[in-house]
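Trainee: quick one, structure for this:
(one chain, ligands or ions: 2)
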Amino acid sequence: MSEDSIKFAEKFTKKINGVLIDPQIFTYKFICNCPGHCCYYGVYTDYKEYQTILSIQDKVIELMDETQSKNVNEWFEPEEKDDDFESGIAVGTEVINGKCTFLDKNGLCTLQKLAIKEGVYKWKYKPLYCILFPLTTYEGVLTIDAEHIERLPYCNVDPNTKLTMFEACEEELRHFFGEEGFQELKNYREEYLNEINIGVKEDVTK
Ligand code: SF4
Ligand code: SF4
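Mentor: Ligands and ions are numbered 1, 2, ... in the order given. A predicted model of the protein is given here:
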């Protein structure tokens with residue numbers, strides 16, 4: 001771990017399910033209101049997710065359209081070591097025709113389409129970092145991928161939104177932490193907002 005990343009993780013104290021929490025998620029204003037431009041860049045999947053996708057390749061191919069490659073060898077980048085992934089290995093999805101391998105011509109994720117078609121949990125096959133974005137984990141901290149938000153011209157474009165990242169991503173946070181962990185996060189949010197209101201803590205978003 002580099003010195004910079006140790007310093008980053010050291011800024012945070014609250015841990016839920018082994019993950020540190022960046023309290024910016026409670027105050028950062030965010031609204032998700034574009035048709036999925038984040039999918040134009042592809043995503044890093046965990047090695048296990050990559051294997052799951054390969055195991056269902058025939059069903060995925062069936063749902064692909066003419067803008068997508070049905071050649072499985074073209075779907076992924078080479079594997080790379082990355083400790084922010086559960087297995088320690090990340091595998092990126094390729095960008096084909098200016099969009100993620102799995103994004104169809106209507107802006108829908110083929111992995112999610114498959115789950116819906118099968119009547120199972122909608123995020124069963126979807127990589128975790130797709131579900132989480134614009135939240136992400138960095139060096140063991142759940143935080144905001146502000147750099148990528150800024151790179152995306154249509155992401156979070158309503159400057160008047162009153163919603164915070166926490167509110168906008170409640171379903172994703174429940175998915176990530178589970179119900180018990182999410183309740184702990186809610187309690188931490190109350191504590192944190194209370195502390196910055198009464199001046200015990202500095203508002204890290206300012
Ligand atoms: S996260 Fe941003 S880029 Fe992705 S769909 Fe929402 S607004 Fe669009
Ligand atoms: S896997 Fe699906 S949700 Fe993730 S970037 Fe590709 S199309 Fe988007």
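Trainee: in the chain, where's the longest helix?
Mentor: For the chain, the longest helix by residue count, based on DSSP state H, is helix 170-197.
Trainee: what helices or strands is it leaning on?
Mentor: strand 15-16, helix 128-132, strand 135-138, helix 165-168 (3 or more Cβ pairs under 8 Å, 6 or more residues apart in numbering; DSSP states H and E). The C-beta positions use only the backbone N, C-alpha and C, and glycine is treated the same way.
Trainee: out of these, the one nearest residue 44 is which?
Mentor: Of all the helices and strands packed on helix 170-197, it is helix 128-132 that lies closest to residue 44, at 5.9 Å by Cβ to Cβ.
Trainee: does any part of that closest one sit near ligand 2?
Mentor: Yes: judged by Cβ under 6 Å from any ligand atom, helix 128-132 and ligand 2 are in contact via residue 130.
Trainee: let me see the mean pLDDT of that helix.
Mentor: Averaging pLDDT along helix 128-132 gives 96.
Trainee: mind putting the helices and strands packed on helix 170-197 in CSV, distance to residue 54 included?
Mentor: Shown next, in CSV, are the helices and strands packed on helix 170-197 (distance: least, Cβ to Cβ, whole Å):
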stretch, distance to residue 54
strand 15-16, 31
helix 128-132, 17
strand 135-138, 24
helix 165-168, 32
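Trainee: please tabulate those in CSV, including the columns mean neighbour count.
Mentor: Below are these laid out as CSV (neighbours: other Cβ atoms under 10 Å):
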stretch, mean neighbour count
strand 15-16, 17
helix 128-132, 20
strand 135-138, 18
helix 165-168, 21
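Trainee: contact residues of the chain facing ligand 2?
Mentor: Counting by Cβ under 6 Å from any ligand atom, the residues of the chain near ligand 2 are 39, 42-43, 93, 100, 102-103, 109, 111, 126-127, 130.
Trainee: fine, thanks again, bye for now.
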